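S.K.: below are the sequence and a predicted model; questions follow.
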Amino acid sequence: MIYTNAHIFDTERLICRPFLPSDAEDMFRNWVADPDVQNEYGEPVYTDISQVNALLEEYTRGAKSKYRWAVIEKSSGENIGQIAFCRMWKECQTAEVEYCIGSRFQGRGYAGEVLAGLIRYAFAHTDVEKLEAYHRAANSRSGRVLAKSAMHITDTVQRFAREGIAPEDEVCYCIGKNEYYKLRKELSLMGELHIIDHPLVQHKISLLRDKNTGTKEFRELVSEIAMFICYEATRDLPLKEIELETPIAVAKTKVISGKKLAIVPILRAGLGMVDGVTSLVPAAKIGHIGIFRDPDSKGAVQYYSKMPEDISEREVIIVDPMLATGNSATAAITEIKKLGVSNIKFMCIIASPEGVKAVTTAHPDVDVYTGVIDEGLNEDKYIVPGVGDAGDRIFGTK
Ligand code: URA
């Protein structure tokens with residue numbers, strides 16, 4: 001199983017992180033001693049904090065520590081439950097999910113929220129291709145949670161199939177990765193913000209910020225960071241299985257299938273990101289869009305557009321290192337949508353909160369990828385602390 005980002009994910013109201021020894025008291029108070037919670041998913045009811053400490057030893061260091069997240073309520077900071085891949089079958093990249101939320105915190109939609117968060121996280125940041133879960137038929141609440149999470153009912157799940165038993169009292173659910181992304185698109189649930197917090201990206205952004213970094217180094221850094229961000233932005237490209245011969249044997253192996261890519265830099269600073277992206281996706285076609293900021297109104301003025309002929313059949317990644325007011329990005333996305341493109345991503349290196357808000361509000365179906373979100377904009381609409389004028393620094397024009 002491959003993880004690319006920190007082993008933490010969050011949702012609107014919850015943070016999911018690895019368990020810590022300090023979780024014991026919250027767990028004891030909120031769920032592990034609660035028969036309603038523990039019986040429901042077949043776990044012992046804990047009667048003593050020392051038992052919880054032993055369990056936590058397993059959750060933090062032992063066999064049960066991997067792929068298990070403590071569910072923390074943001075508003076109170078309390079550990080209110082857990083979610084985990086309780087079984088995994090690497091050969092078919094399938095994981096079975098289990099979760100629980102303390103009784104006191106039920107009825108607020110937390111179970112559905114954490115499950116949806118894990119599904120989103122798992123498909124974006126691990127190589128899991130299919131998620132499965134099941135619940136006792138008598139537990140209709142769990143059924144509602146699973147159905148709301150986008151999972152659908154299926155005849156059986158790996159666990160039962162492998163044990164050679166037919167589910168009787170259990171209702172089985174599953175969702176596959178391709179199916180999930182298709183569904184999200186249909187429901188217009190795209191439009192997520194992805195912050196690529198990889199240490200190498202963060203380190204290189206710090207070097208970019210330094211006013212003493214010269215043109216050559218600045219240009220190289222922009223290109224390298226673009227490559228790292230592109231790695232994440234292409235994580236959901238669909239794969240298909242092919243068969244080929246290695247020198248040793250016939251191998252069933254995977255290649256990228258389906259839509260082809262086009263990269264569209266916003267002139268001129270976006271050009272600095274093209275090499276980094278094409279070093280990962282050499283077959284991508286490149287369109288260009290010229291947009292400048294009107295110095296007075298700070299509004300976006302388009303002066304150039306040249307796109308690949310088959311752009312409407314491609315997934316498009318628009319690139320611009322700085323997402324400041326969001327005016328250029330929003331205008332570029334609008335222009336590319338007009339050409340019939342339905343799958344668009346926007347990649348930048350540094351974003352302002354204002355820019356992210358503008359783009360995701362105008363185009364809620366577009367995913368935004370950035371290395372960092374800075375404090376905000378100054379009166380000249382430059383990002384603070386930012387890097388200054390990225391175009392000038394890439395091309396050495398000032
Ligand atoms: N464009 C830049 O180059 N820098 C900023 O800070 C904002 C927009």
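M.R.: Received the coordinates, thanks.
S.K.: where does residue 247 fall, phi/psi-wise?
M.R.: Here is the backbone geometry of residue 247 (degrees, to the nearest 10): phi -60, psi -20.
S.K.: ok, now which ones touch it?
M.R.: Under the criterion of C-beta atoms under 8 Å, 6 or more residues apart in numbering, residue 247 has no contact partners. For glycine as for every other residue, the C-beta is placed from the backbone atoms N, C-alpha and C.
S.K.: same deal with residue 218?
M.R.: 208, 387, 393, 394.
S.K.: check which helix or strand covers it.
M.R.: Under the criterion of DSSP states H and E, residue 218 resides in helix 215-233.
S.K.: quick one: that helix to chain centroid distance?
M.R.: Computed by C-alpha atoms, centre = their mean, to the nearest Å, the chain-centroid distance of helix 215-233 equals 20 Å.
S.K.: re the thing from before, and the ligand, which of the contacts of residue 218 reach it?
M.R.: With the criterion set as C-beta under 6 Å from any ligand atom, no member of the contacts of residue 218 is near the ligand.
S.K.: name the nearest of the residues you listed relative to the ligand.
M.R.: Set against the ligand, the nearest of the contacts of residue 218 by C-beta to the nearest ligand atom is residue 387 (6.6 Å).
S.K.: give the buried residues for the helix holding residue 218.
M.R.: Within helix 215-233, the residues that qualify as buried by neighbour count (16 or more other C-beta atoms under 10 Å) are 218-233.
S.K.: near the ligand, which residues of the stretch 151-300 of the chain are found?
M.R.: residue 269.
S.K.: got any ranges where the stretch 151-300 of the chain has weak pLDDT?
M.R.: 184-191, 258-259 (pLDDT under 70).
S.K.: where does it get nearest to the ligand, which residue?
M.R.: residue 269 (5.6 Å).
S.K.: separation between that residue and residue 175?
M.R.: According to C-beta to C-beta, to the nearest Å, residue 269 stands 39 Å off from residue 175.
S.K.: now do the helices in the stretch 101-250 of the chain.
M.R.: Secondary structure of the stretch 101-250 of the chain (DSSP state H, counting those that start in this stretch): helices located at 110-125, 140-148, 158-163, 177-186, 199-209, 215-233.
S.K.: output the shortest one as CSV - backbone C-alpha positions only.
M.R.: Translated: helix 158-163. Only the C-alpha atoms of helix 158-163 are listed here, as CSV (Å, rounded to 0.1, in the frame of the first residue of the first chain):
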residue,chain,number,x,y,z
GLN,A,158,-13.9,-10.4,-0.2
ARG,A,159,-14.0,-11.6,3.4
PHE,A,160,-17.1,-13.8,2.9
ALA,A,161,-16.1,-14.9,-0.6
ARG,A,162,-12.7,-16.1,0.7
GLU,A,163,-14.2,-17.8,3.7
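S.K.: and that helix, what does it pack against?
M.R.: For helix 158-163, the elements it packs on are strand 79-89, strand 94-101, strand 130-136, judged by 3 or more C-beta pairs under 8 Å, 6 or more residues apart in numbering; DSSP states H and E.
S.K.: paired strands for the first one, with orientation please.
M.R.: The reference is to strand 79-89. strand 68-73 (antiparallel), strand 94-101 (antiparallel) (DSSP bridges).
S.K.: of these, which is nearest the ligand?
M.R.: So among the strands paired with strand 79-89, strand 68-73 is nearest, using C-beta to the nearest ligand atom, at 34.5 Å.
S.K.: average pLDDT for the closest one?
M.R.: What strand 68-73 shows for mean pLDDT is 94.
S.K.: so it versus helix 110-125, what angle?
M.R.: Strand 68-73 runs at 130 degrees relative to helix 110-125, counting by axes from the mean of the first three to the mean of the last three C-alpha atoms, to 10 degrees.
S.K.: tell me how far strand 68-73 is from the chain's mean position?
M.R.: Computed by C-alpha atoms, centre = their mean, the chain-centroid distance of strand 68-73 equals 18 Å.
S.K.: with stretch 266-286 instead?
M.R.: Stretch 266-286 sits 22 Å away from the centroid of its parent chain (C-alpha atoms, centre = their mean).
S.K.: okay, that stretch in PDB with CA atoms only?
M.R.: Written as PDB, here are the backbone C-alpha positions of stretch 266-286 (Å, rounded to 0.1, in the frame of the first residue of the first chain):
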ATOM      1  CA  ILE A 266      -1.500  30.900 -18.400                       C
ATOM      2  CA  LEU A 267       1.100  33.200 -20.100                       C
ATOM      3  CA  ARG A 268       3.600  34.100 -19.200                       C
ATOM      4  CA  ALA A 269       4.500  32.700 -15.700                       C
ATOM      5  CA  GLY A 270       2.600  29.500 -16.300                       C
ATOM      6  CA  LEU A 271       5.200  28.600 -19.000                       C
ATOM      7  CA  GLY A 272       7.700  28.000 -16.200                       C
ATOM      8  CA  MET A 273       5.700  25.000 -15.000                       C
ATOM      9  CA  VAL A 274       5.400  23.300 -18.400                       C
ATOM     10  CA  ASP A 275       8.700  21.400 -18.500                       C
ATOM     11  CA  GLY A 276       8.100  19.900 -15.000                       C
ATOM     12  CA  VAL A 277       4.600  18.700 -16.100                       C
ATOM     13  CA  THR A 278       5.700  17.300 -19.500                       C
ATOM     14  CA  SER A 279       8.700  15.500 -17.900                       C
ATOM     15  CA  LEU A 280       6.000  13.300 -16.200                       C
ATOM     16  CA  VAL A 281       3.500  13.300 -19.000                       C
ATOM     17  CA  PRO A 282       5.500  13.700 -22.200                       C
ATOM     18  CA  ALA A 283       2.600  12.900 -24.500                       C
ATOM     19  CA  ALA A 284       0.500  15.800 -23.200                       C
ATOM     20  CA  LYS A 285      -0.400  18.400 -25.700                       C
ATOM     21  CA  ILE A 286       0.100  22.100 -24.800                       C
END
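S.K.: format the helices and strands packed on helix 158-163 as CSV; extra columns: mean neighbour count and mean pLDDT.
M.R.: Output for the helices and strands packed on helix 158-163, formatted as CSV (neighbours: other C-beta atoms under 10 Å; pLDDT from 0 to 100):
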stretch, mean neighbour count, mean pLDDT
strand 79-89, 21, 93
strand 94-101, 22, 94
strand 130-136, 22, 90
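S.K.: turn these into a markdown table, including distance to the ligand.
M.R.: Converted to a markdown table, these look like this (distance: least, C-beta to the nearest ligand atom, whole Å):
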| stretch | distance to the ligand |
| --- | --- |
| strand 79-89 | 39 |
| strand 94-101 | 42 |
| strand 130-136 | 40 |
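S.K.: all set, thanks.
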